[in-house]
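Novice: Test case, fold it:
(2 chains)
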Amino acid sequence: MAKINVSVIRQGIRGRLKVKEETRKFYNGIFIDLGELVLFTGKVFQQMFQSPFEFREFTKHGFLLGNKSLPLVAVTGFIMGLVLTMQMHPVLADFGAQTLLPGVVAISMVRELGPVITGLICAGKISSGIGAEIAAMTVTEQIDAMEVSGTRPLSFVVASRITAATLVVPILVIFADAFSLFGSFLAVNIFEDTSLTLFFNRSFSMMGFVDLFPSILKTVFFGFFIGLIGSYKGYTAGRGTESVGLAANSAVVEASLTIFVIDLVFVLITSIL
Amino acid sequence: MDKEEVIVVENLYKSFDENSILRGINLTLHKGENLGIVGKSGIGKSVLIKSIVRLIEPDAGIINVLGTNILECDSNELNEVRKKVGYLFQGGALYDSMSVRENLLFPIRRTQFKDKQHDTEELIEQSLSSVGLLDAIDKMPSELSGGMKKRIALARTLILKPEIILYDEPTTGLDAVTSGEISELILKIREEYNTAAIIITHDMKCAKIATDSIKIMDEGIFMVEGTYDELSHSEEKEIRDFFI
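Specialist: Numbering: from 1, shown residues only, chains lettered A, B, ... in the order given. Got it, this is the predicted structure:
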């Protein structure tokens, strides 16, 4: 009869228990993180409306975030519009429906692709930037120095960045939509001669208020969460220099995921309404 | 008559996970007193002074700062106490996106600090003169040496006219001459601003110059207290070793 190796079985059980423990810790960590984020948001709102309001800081960050992201957003939007039009043209041409092309591209860009892609770009650029900048301030004890002198850093450092991101992201999305339509116009002209007026008439004839309003509204939420998550990750960064990289990295991941969740919620709400 | 107590810490405990750092610390700081705290690295000296301003939340104990139990006050009350307590960080913690002038202006503007005798510009110049760096007013922190950064950080601390200053290793990373200058400066500031101070240091020259009494911390409690001369000539080798 074959001998049973007890130590191997014990090791196997220990290994499985360790995996379970790690899994438990991982899921607990998510909920703890979520709870802390809610508390952090509450504190930010508490300090946001206390004087003095940092209008100069808000405009500085608004300008920096918008100015730095605009070229990237514009180029991406332009290419998206161009590519989408070139890929859809043969499909619509098979049904003799080329005239619908500007409207189809406009609706897909304005309702979905423009906001989500711009949101993801901003998650990568703005959220990571805010996360790294605030984490560097945390690591070098600048945030502690503000706390300890009673200067309320959540209002000065965090609230100004969140309000700036909330304002800037919708503006960037509008730019991305505009550039994508321009890209689409150029692509349509590869296949046929179309005037700019005719192209935009066809684009906007298929679009209504219900397409535009929810898409702009959700970008306000995108901006808020991009700023909030970046700030939270920076503010709660550890003490070593590696914390700066970790904060930037996790800000991008979590902000990107949040954008998809917000998008899903808005699609569900608008489909019900 | 006994001097007024400005900080009273009773039975303070703090642990990080399984690691117990503070194990029942008791401390009293009187008005105008410079108290030194020495001890090995990583035994919780910085944790203690960070707890005093609630940058770290202790697990148990009482911390009374200028008559306020800071562990029981709300954020507005805490901010009011913090304005009266200066804190000099190890690295200075200057705001690197701001010039020296803006670094000093920042706490005034944010706390809406008012001084009846001086306007803002005079306050900035007075603080910088106290640390002997009026010339550096328009420089950026990146243009300053380590010693200059600490002096400017000290000037920023002084601008709100604190009643207590907490120094976290004020001379660490500085050469002997600059360390001596900073130590003398700590004494000068006490004379000028009538402050009480807790000075955490590994630099025995600084402890000798700047402190009235010294507490030696070990394993989460204070093992002994005395003046520099008393402790450096202690009969116990374990205590004398700190002063070599």
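Novice: Close to chain B: what parts of the stretch 101-250 of chain A are there?
Specialist: A:137, A:140-142, A:144-152, A:156 (C-beta under 8 Å from any C-beta of the partner chain). Placement of C-beta: from N, CA and C, glycine included.
Novice: CSV please, covering those residues and showing neighbour count, pLDDT and secondary structure.
Specialist: Formatted as CSV, those follow (neighbours: other C-beta atoms under 10 Å in any protein chain shown; pLDDT from 0 to 100; DSSP: H, G, I helix; E, B strand; the rest coil):
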residue, neighbour count, pLDDT, secondary structure
A:M137, 24, 95, helix
A:T140, 20, 93, coil
A:E141, 21, 93, coil
A:Q142, 24, 94, helix
A:D144, 19, 93, helix
A:A145, 27, 94, helix
A:M146, 22, 93, helix
A:E147, 20, 91, helix
A:V148, 24, 92, helix
A:S149, 26, 89, coil
A:G150, 22, 86, coil
A:T151, 21, 86, coil
A:R152, 22, 88, coil
A:F156, 21, 91, helix
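Novice: Among those residues, which one lies nearest to A:G230?
Specialist: Of all those, A:G230 sits closest to A:M137, with 12.6 Å by C-beta to C-beta.
Novice: can you give me how far stretch A:259-273 is from the chain middle?
Specialist: Computed by C-alpha atoms, centre = their mean, to the nearest Å, the chain-centroid distance of stretch A:259-273 equals 15 Å.
Novice: Also stretch A:110-125?
Specialist: For stretch A:110-125, the distance to the chain centre is 6 Å (C-alpha atoms, centre = their mean).
Novice: Which residues does that stretch contact?
Specialist: Where contact means C-beta atoms under 8 Å, 6 or more residues apart in numbering or on different chains, the residues beyond stretch A:110-125 that reach it are A:68-69, A:72-73, A:76-77, A:80, A:84, A:165, A:169, A:172-173, A:176-177, A:180, A:207, A:211-212, A:214-215, A:218-219, A:222-223, A:226, A:251-252, A:255-256, A:258-260, A:263.
Novice: Sort out which of those residues are buried, if you could.
Specialist: Among these, the ones that count as buried by 16 or more other C-beta atoms under 10 Å in any protein chain shown are A:69, A:72-73, A:76-77, A:80, A:84, A:165, A:169, A:172-173, A:176-177, A:180, A:211, A:214-215, A:218-219, A:222-223, A:226, A:251-252, A:255-256, A:258-259, A:263.
Novice: List the ones among the residues you listed that fall in helices.
Specialist: Among the buried ones among the contacts of stretch A:110-125, the residues falling in helices (DSSP state H) are A:69, A:72-73, A:76-77, A:80, A:84, A:165, A:169, A:172-173, A:176-177, A:180, A:211, A:214-215, A:218-219, A:222-223, A:226, A:251-252, A:255-256, A:258-259, A:263.
Novice: residue contacts, residue 139?
Specialist: In the absence of a named chain, chain A is used. Counting by C-beta under 8 Å, 6+ apart, A:V139 touches A:A237, A:G238, A:R239, A:G240, A:T241, A:S243, A:V244.
Novice: let's do chain B instead
Specialist: Residues in contact with B:K139 (C-beta under 8 Å, 6+ apart) are B:S99, B:V100.
Novice: Does it belong to a helix, a strand or coil?
Specialist: The local conformation at B:K139, judged by DSSP: H, G, I helix; E, B strand; the rest coil, is coil.
Novice: What is the burial count for residue 63?
Specialist: This is for chain A. When neighbours are counted by other C-beta atoms under 10 Å in any protein chain shown, A:F63 registers 12.
Novice: wait, chain B
Specialist: Residues near B:I63, counting by other C-beta under 10 Å: 22.
Novice: Considering the contacts of A:V139, which is situated nearest to chain B?
Specialist: Relative to chain B, the closest of the contacts of A:V139 is A:R239; by C-beta to the nearest C-beta it sits at 11.2 Å.
Novice: Residue ranges in chain A under the pLDDT threshold?
Specialist: Along chain A, segments meeting pLDDT under 70 span A:1-4, A:6, A:9, A:13-14, A:17.
Novice: interface residues of chain B facing chain A?
Specialist: So far as C-beta under 8 Å from any C-beta goes, chain B lies against chain A at B:50, B:53, B:55, B:75, B:78-80, B:82-83, B:85-87, B:89-91, B:93-96, B:106-107, B:109-112, B:153, B:156-157, B:160.
Novice: Which residue would you name as the spatial centre of chain B?
Specialist: Closest to where the C-alpha atoms of chain B average out (C-alpha atoms, centre = their mean) is B:L166, at 1.5 Å.
Novice: Could you look up the SS state of that one?
Specialist: Following three-state DSSP, B:L166 is assigned to strand.
Novice: Which residues are in contact with it?
Specialist: So B:L166 contacts B:I49, B:I52, B:V53, B:V85, B:G86, B:Y87, B:L88, B:A197, B:I198, B:I200 (C-beta under 8 Å, 6+ apart).
Novice: Contact partners for the last one?
Specialist: B:I200 makes contact with B:G36, B:I37, B:V38, B:K45, B:S46, B:I49, B:L166, B:Y167, B:D168, B:E169 under the criterion C-beta under 8 Å, 6+ apart.
Novice: give me the element the fifth one is part of.
Specialist: Following DSSP states H and E, the helix or strand that holds B:S46 is helix B:45-52.
Novice: by contact count, what packs against that helix?
Specialist: strand B:5-16, strand B:19-30, strand B:34-39, strand B:60-65, strand B:164-168, strand B:196-200 (3 or more C-beta pairs under 8 Å, 6 or more residues apart in numbering or on different chains; DSSP states H and E).
Novice: Most tightly packed of those strands?
Specialist: Ranked by mean neighbour count under mean count of other C-beta atoms under 10 Å in any protein chain shown, the helices and strands packed on helix B:45-52 are led by strand B:196-200, which reaches a mean of 25.
Novice: Which strands border it, and is each parallel or antiparallel?
Specialist: Here strand B:196-200 is paired, per DSSP bridges, with strand B:34-39 (parallel), strand B:164-168 (parallel).
Novice: Strand B:19-30 and that one, what's the angle between them?
Specialist: Going by axes from the mean of the first three to the mean of the last three C-alpha atoms, to 10 degrees, strand B:196-200 is angled at 150 degrees with respect to strand B:19-30.
Novice: Pull the CA coordinates from strand B:196-200 and hand them back as CSV.
Specialist: Below are the C-alpha coordinates for strand B:196-200, written out as CSV (Å, rounded to 0.1, in the frame of the first residue of the first chain):
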residue,chain,number,x,y,z
ALA,B,196,8.9,76.8,25.1
ALA,B,197,10.4,74.0,23.0
ILE,B,198,10.8,70.2,22.7
ILE,B,199,14.0,69.4,20.8
ILE,B,200,14.4,65.9,19.5
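Novice: That one: how far from the chain's middle?
Specialist: Counting by C-alpha atoms, centre = their mean, strand B:196-200 is centred 5 Å from the centre of its parent chain.
Novice: Which stretches in the chain count as helices?
Specialist: In the absence of a named chain, chain A is used. So, for chain A - with DSSP H - the helices run A:6-48, A:55-94, A:101-108, A:114-122, A:128-139, A:142-148, A:153, A:160-191, A:196-205, A:209-235, A:242-272.
Novice: please go with chain B instead
Specialist: B:45-52, B:75-82, B:100-111, B:120-130, B:146-158, B:176-193, B:204-210, B:228-232, B:237-240.
Novice: Which positions in the fourth one come out as buried?
Specialist: Read it as helix B:120-130. Neighbour-count burial for helix B:120-130 [16+ other C-beta under 10 Å]: B:L123, B:I124, B:Q126, B:S127, B:L128, B:S130.
Novice: cool, and the fifth one?
Specialist: Using 16+ other C-beta under 10 Å as the test for burial, helix B:146-158 gives B:G147, B:M148, B:K149, B:K150, B:R151, B:I152, B:A153, B:L154, B:A155, B:R156, B:T157, B:L158.
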